[in-house]
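Enquirer: Sequence isn't available, so here's the structure alone:
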């Protein structure tokens with residue numbers, strides 16, 4: 001069986017390096033290139049002494065040096081917006097784990113998948129537990145009147161709220177309108193956090209955290225807490241491998257959320 005050729009976009013970040021290492025250890029995939037914003041050497045070494053892959057600061061430049069089947073993107077929202085049209089026009093399927101994408105970005109990705117007949121898969125979180133959490137909040141939301149989301153990440157995360165938290169808020173708010181109480185007196189503005197259709201979102205950024213999400217539902221006389229903790233980045237790798245394996249089957253379509261691939265949507 002011919003290995004699926006993979007380019008990693010955002011390869012110099014912590015997630016990008018972990019993804020490169022994972023694909024280099026997985027027999028059905030072959031890392032063939034790496035892209036990141038910072039100038040660097042012409043090649044990037046792989047773990048275990050494997051042959052280095054070409055490195056460039058743009059996908060367009062990299063494609064003059066290698067051929068690929070899929071691009072896995074873990075960069076940032078502006079970089080992803082610039083990458084997607086180039087990847088799609090080059091006939092490359094695209095797996096996106098970058099957060100911070102908005103509804104207009106998703107519309108753009110859907111249009112690109114149709115126009116160039118490529119598969120595009122995007123997910124705010126590739127951890128199985130986070131996907132199950134998203135499913136459970138859909139179930140719970142119907143029975144409660146109040147909902148708040150608490151998320152905590154490491155200090156280097158550039159967006160707030162996290163893509164996972166925003167996805168949870170969208171899932172909750174899709175069921176009904178929630179009641180959000182606002183204080184009569186608020187000496188420190190913003191103490192109640194952000195809001196998405198009646199759902200409050202609170203974000204924390206500090207060292208010592210990786211990714212934590214908790215949803216608290218309330219109704220008269222009781223609360224329900226649902227929480228997922230990410231302890232290491234390797235928890236994302238099975239989901240990324242699954243998406244890279246399945247994305248070619250989605251030609252002409254945009255698929256959002258790992259739950260669609262796991263059959264729990």
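Expert: Noted; the coordinates are in hand. Here the structure is a predicted model, which means the values were calculated and not measured.
Enquirer: if I look at residue 58, how far off is residue 98?
Expert: From residue 58 over to residue 98 the distance is 16 Å, taken as CB to CB, to the nearest Å. Every residue, glycine included, has its C-beta placed from N, CA and C.
Enquirer: With neighbour numbers in mind, choose between these two.
Expert: Neighbour tally, residue 58 and residue 98, criterion other CB atoms under 10 Å: the higher count belongs to residue 98, 25 against 15.
Enquirer: Spit out the contact partners of the more buried one.
Expert: Residues counted as contacts of residue 98 (CB atoms under 8 Å, 6 or more residues apart in numbering) are 10, 73-77, 79-80, 163.
Enquirer: would you list every one of the strands in the stretch 101-250 of the chain?
Expert: Taking DSSP state E, counting those that start in this stretch to define them, one finds strands in the stretch 101-250 of the chain at 120-122, 146-153, 194-196, 199-205, 211-219, 222-230.
Enquirer: Pick the most buried one from the ones you listed.
Expert: Across the strands of the stretch 101-250 of the chain, the average number of neighbours (mean count of other CB atoms under 10 Å) peaks for strand 120-122, which reaches a mean of 28.
Enquirer: Just checking: what are the partner strands of that strand?
Expert: In the sheet containing strand 120-122, its partner strands are strand 93-96 (parallel), strand 254-256 (parallel), by DSSP bridges.
Enquirer: From the chain's centroid, how far away is the very next helix or strand once past the shortest one?
Expert: Translated: strand 254-256. Proceeding N to C from strand 254-256, the next assigned helix or strand is helix 259-262, under DSSP states H and E. Helix 259-262 sits 14 Å away from the centroid of its parent chain (CA atoms, centre = their mean, to the nearest Å).
Enquirer: average pLDDT across helix 259-262?
Expert: Computed over helix 259-262, the mean pLDDT rounds to 88.
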